[in-house]
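Trainee: based on what follows, work out the 3D shape:
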Amino acid sequence: MKLNFDNQFTKLGDKFSVSMAPRPLPNPRMASFNAPAAALIGLDPDELSGDIALKFFSGTEMISGAAPLAMVYSGHQFGGYSPRLGDGRGLLLAQVRGAKNILWDLHLKGAGLTPFSRMGDGRAVLRSSIREYLASEALHHLGIPTSRALCLISSDEPVRRETMETAAGLLRLSESHIRFGSFEYFFYTQQHDDLKKLADYVLDIHFPQLRKSPLPFDSMLLEITARTADMIAHWQAFGFAHGVMNTDNMSILGQTFDYGPYGFMEAYDPGYICNHSDDMGRYAFNQQPHIGLWNCLALCHALKPIISPDMTEPVRDHYHQIFSARYNLLMNQKMGLGNPIEGDSQLVADLLSLMAEHKVDYTIFFRRLGNIDALAQYGAAFTNWFQAYDKRRKLEKDTPEQRRKNMHGMNPKYILRNHLAQQAILQAEQGDFSEVDRLMKLLARPFDEQPEFEGYAAEAPEWARHLNIRCSS
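Mentor: Residues are numbered from 1 along each chain as shown. Alright, predicted model coming up:
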């Protein structure tokens with residue numbers, strides 16, 4: 001198995017990570033693999049079914065060029081600062097140069113105990129591994145910035161969470177595993193030279209174009225802020241709730257990762273809480289834009305030793321500007337409208353209010369909106385809104401067929417509904433991963449009509465309306 005290793009992070013030194021080998025999963029099996037993701041790192045998909053790939057990605061046997069390590073970081077968790085977190089159950093196995101010279105992290109979740117495991121056992125469970133495997137690919141194909149998933153490894157090792165489960169491994173691909181909390185760790189431990197060293201690394205690896213800026217660290221902070229605002233605007237437009245927006249779960253590249261008890265909006269509820277551990281609703285769906293800004297300001301605070309002293313307001317203004325512009329444009333595109341004009345944001349607000357009042361399925365409504373007979377399906381309560389919408393729509397110059405095509409290219413028919421993931425998990429726990437693979441195929445084409453999967457586009461059955469999604473993994 002040939003990979004173009006280029007381990008840059010390990011060059012930062014032992015203050016940033018701990019070099020160590022994974023603790024192998026017993027009796028590992030390649031449960032599922034993602035051929036398109038393999039292409040990103042120049043790996044022949046056929047090799048993923050081989051013995052070498054299984055041994056490497058399960059942590060059983062390292063190959064020449066790998067440099068496994070556990071990264072250190074801290075973070076604000078539910079608003080409170082945790083001074084030392086780090087990779088408690090994951091290892092950065094290696095960094096690899098892939099297509100277009102992009103540097104990819106190969107990160108194994110469930111790799112065993114590390115110095116940062118605290119009270120944990122260092123394992124990931126099959127349930128949460130499947131959920132991240134599916135969700136990261138679902139978001140990617142929706143056009144939402146995200147980490148990717150290369151393969152899913154099953155095993156026989158028992159682990160206890162709320163109940164006894166089995167351990168698993170997930171090989172995650174990301175262009176970076178540096179988090180807001182990575183900078184917070186060095187700021188709050190007053191290791192400011194190392195804070196600057198990490199910032200220099202981020203500039204050199206991820207934002208080299210900002211080196212020409214008169215104030216490169218200020219520019220880096222604003223770039224991270226913009227990417228975060230853009231990502232969260234996509235979450236809101238597609239009805240995605242992350243569930244655990246702690247600063248240690250926020251990527252400096254503005255990519256969704258560290259999937260926990262996420263959920264896609266079904267019956268529209270602006271206060272939707274997908275994490276049953278979030279008693280106060282800090283990370284409710286309608287709080288995500290605010291928390292995104294809160295996290296960017298936390299990063300701004302952590303970068304104080306190396307940025308200009310008056311960056312708080314620029315970060316706040318930049319975040320609001322980027323988020324509003326992107327969200328308004330995305331929502332207009334979902335409604336088949338062009339660039340936002342005066343009154344469009346009110347049109348969206350009125351629609352969302354109606355959807356919340358009548359518990360309308362978010363994804364299904366917008367998909368149907370592209371059809372001429374959409375009004376007939378929603379009745380008198382929506383009449384006034386449809387009249388206002390029709391008046392605005394007539395300002396556009398497209399034909400009904402063009403509008404339908406554009407709207408169906410923006411409004412997915414298929415999303416990863418909780419009950420679909422749950423059914424795949426229940427089958428996988430019995431050793432059958434066929435539904436996982438079926439969902440991967442389905443979610444790779446979320447905007448297309450797929451007649452063979454028609455039932456997967458329906459609302460959740462009654463038994464699944466209130467599935468309890470746990471954060472434990």
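Trainee: these two touch, right, Ser19 and Met62?
Mentor: No: contact between Ser19 and Met62 fails when scored by C-beta atoms under 8 Å: they sit 11.4 Å apart. From N, CA and C alone the C-beta is placed, and that goes for glycine too.
Trainee: any common contacting residues for those two?
Mentor: Taking C-beta atoms under 8 Å, 6 or more residues apart in numbering as the contact rule, Ser19 and Met62 both touch Pro68.
Trainee: and the longest strand out of those in the chain, average pLDDT?
Mentor: Longest strand in the chain by number of residues, with DSSP state E as the criterion: strand 148-160. Averaging pLDDT along strand 148-160 gives 95.
Trainee: distance between the next helix or strand after that strand and the chain's centre?
Mentor: Heading C-terminal from strand 148-160, the first helix or strand you meet, by DSSP states H and E, is strand 164-174. Relative to the chain's own centre, strand 164-174 is displaced by 16 Å; criterion: C-alpha atoms, centre = their mean, to the nearest Å.
Trainee: kindly report the same for stretch 156-174.
Mentor: Computed by C-alpha atoms, centre = their mean, the chain-centroid distance of stretch 156-174 equals 19 Å.
Trainee: for it, buried residues please.
Mentor: Across stretch 156-174, burial judged by 16 or more other C-beta atoms under 10 Å covers Glu157, Val159, Glu165, Thr166, Ala167, Ala168, Gly169, Leu170, Leu171, Arg172, Leu173, Ser174.
Trainee: which among the residues you listed gets closest to Leu439?
Mentor: For the buried residues of stretch 156-174, the closest approach to Leu439 (C-beta to C-beta) belongs to Leu170, at 15.2 Å.
Trainee: the closest one bridge partners, please.
Mentor: With DSSP bridges applied, Leu170 shows beta-bridge pairing to Lys109, Leu152.
Trainee: any chance of the buried residues of stretch 156-174 in CSV, with distance to Tyr185 too?
Mentor: Shown next, in CSV, are the buried residues of stretch 156-174 (distance: C-beta to C-beta, whole Å):
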residue, distance to Tyr185
Glu157, 30
Val159, 27
Glu165, 30
Thr166, 32
Ala167, 28
Ala168, 28
Gly169, 26
Leu170, 24
Leu171, 25
Arg172, 21
Leu173, 24
Ser174, 19
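Trainee: domain ranges for this protein?
Mentor: For the chain, automatic domain parsing gives the domain ranges 9-178, 335-408.
Trainee: most tightly surrounded among those domains?
Mentor: A comparison of these by mean neighbour count, using mean count of other C-beta atoms under 10 Å, puts domain 9-178 on top with a mean of 19.
Trainee: what's near enough to touch Ile205?
Mentor: By C-beta under 8 Å, 6+ apart, the contact set of Ile205 is Gln8, Leu103, Ser176.
Trainee: can you give me the helices for the stretch 201-350 of the chain?
Mentor: In the stretch 201-350 of the chain, the helices defined using DSSP state H, counting those that start in this stretch lie at 216-238, 288-302, 312-334, 344-357.
Trainee: any idea how far the second one is from the chain center?
Mentor: Here helix 288-302 is found 17 Å from its chain centre; the criterion is C-alpha atoms, centre = their mean.
Trainee: which strands and helices lie in contact with the longest strand of the chain?
Mentor: Packing partners of strand 148-160 (3 or more C-beta pairs under 8 Å, 6 or more residues apart in numbering; DSSP states H and E): strand 29-33, helix 35-40, helix 51-57, helix 126-142, strand 164-174.
Trainee: try it again with 6 Å
Mentor: strand 29-33, helix 126-142, strand 164-174 (3 or more C-beta pairs under 6 Å, 6 or more residues apart in numbering; DSSP states H and E).
Trainee: contacts for that strand?
Mentor: 25-29, 31-34, 37, 57-58, 121, 123, 125, 129, 133, 136-137, 164-165, 167-171, 173 (C-beta atoms under 6 Å, 6 or more residues apart in numbering).
Trainee: same question for stretch 430-444.
Mentor: Stretch 430-444 has contacts (C-beta under 6 Å, 6+ apart) with Ala31, Ser32, Leu134, Glu137, Ala138, His141, Tyr414, Ala424, Gln427, Ala428, Phe453, Tyr456.
Trainee: so which of those residues is the closest to Asn332?
Mentor: Nearest to Asn332 among these, with distances taken as C-beta to C-beta, is His141, at 21.6 Å.
Trainee: contacts only, for that closest one.
Mentor: Contacts of His141 (C-beta under 6 Å, 6+ apart): Leu443, Ala444, Pro446.
Trainee: how close does the second one get to Asp46?
Mentor: Using C-beta to C-beta, to the nearest Å, one gets 19 Å for the distance from Ala444 to Asp46.
Trainee: do the same with Gly80
Mentor: Counting by C-beta to C-beta, the gap from Gly80 to Asp46 is 48 Å.
Trainee: do Asp390 as well
Mentor: Distance, Asp390 to Asp46, using C-beta to C-beta: 53 Å.
Trainee: would you check that Leu139 makes contact with Pro145?
Mentor: No: Leu139 is beyond contact range of Pro145, at 7.9 Å (criterion: C-beta atoms under 6 Å).
Trainee: pLDDT below threshold where in this structure?
Mentor: For the chain, the stretches flagged by pLDDT under 70 are 466-473.
Trainee: and the residue nearest the centre of it?
Mentor: In the chain, the residue lying closest to the centroid (C-alpha atoms, centre = their mean) is Thr256, at 2.5 Å.
Trainee: give the contact list for that one.
Mentor: Counting by C-beta under 6 Å, 6+ apart, Thr256 makes contact with Leu139, Thr146.
Trainee: for it, give the beta-bridge partners.
Mentor: Beta-bridge partners recorded for Thr256 (DSSP bridges): Thr146.
Trainee: relative to Gly143, how far out is it?
Mentor: Distance, Thr256 to Gly143, by C-beta to C-beta: 12 Å.
Trainee: same question for Leu54.
Mentor: According to C-beta to C-beta, Leu54 and Gly143 sit 32 Å apart.
Trainee: got it, and Ala381?
Mentor: 31 Å.
Trainee: got it, and Arg404?
Mentor: Per C-beta to C-beta, Arg404 is found 19 Å from Gly143.
Trainee: helix, strand or coil for Leu3?
Mentor: What DSSP: H, G, I helix; E, B strand; the rest coil gives for Leu3 is coil.
Trainee: tell me, how many residues neighbour it?
Mentor: When neighbours are counted by other C-beta atoms under 10 Å, Leu3 registers 21.
Trainee: I'd guessed it sits against Arg97; true?
Mentor: No: counting by C-beta under 6 Å, Leu3 stays clear of Arg97, with 8.6 Å between them.
Trainee: re earlier: export the helices and strands packed on strand 148-160 to JSON lines and tack on distance to Ile153?
Mentor: Output for those, formatted as JSON lines (distance: least, C-beta to C-beta, whole Å):
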{"stretch": "strand 29-33", "distance to Ile153": "6"}
{"stretch": "helix 126-142", "distance to Ile153": "8"}
{"stretch": "strand 164-174", "distance to Ile153": "4"}
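Trainee: of all those, which one is nearest Leu337?
Mentor: Closest to Leu337 of the helices and strands packed on strand 148-160 is helix 126-142 (C-beta to C-beta; 19.6 Å).
Trainee: ok and that closest one relative to helix 216-238, angle-wise?
Mentor: If you take axes from the mean of the first three to the mean of the last three C-alpha atoms, to 10 degrees, helix 126-142 sits at 100 degrees to helix 216-238.
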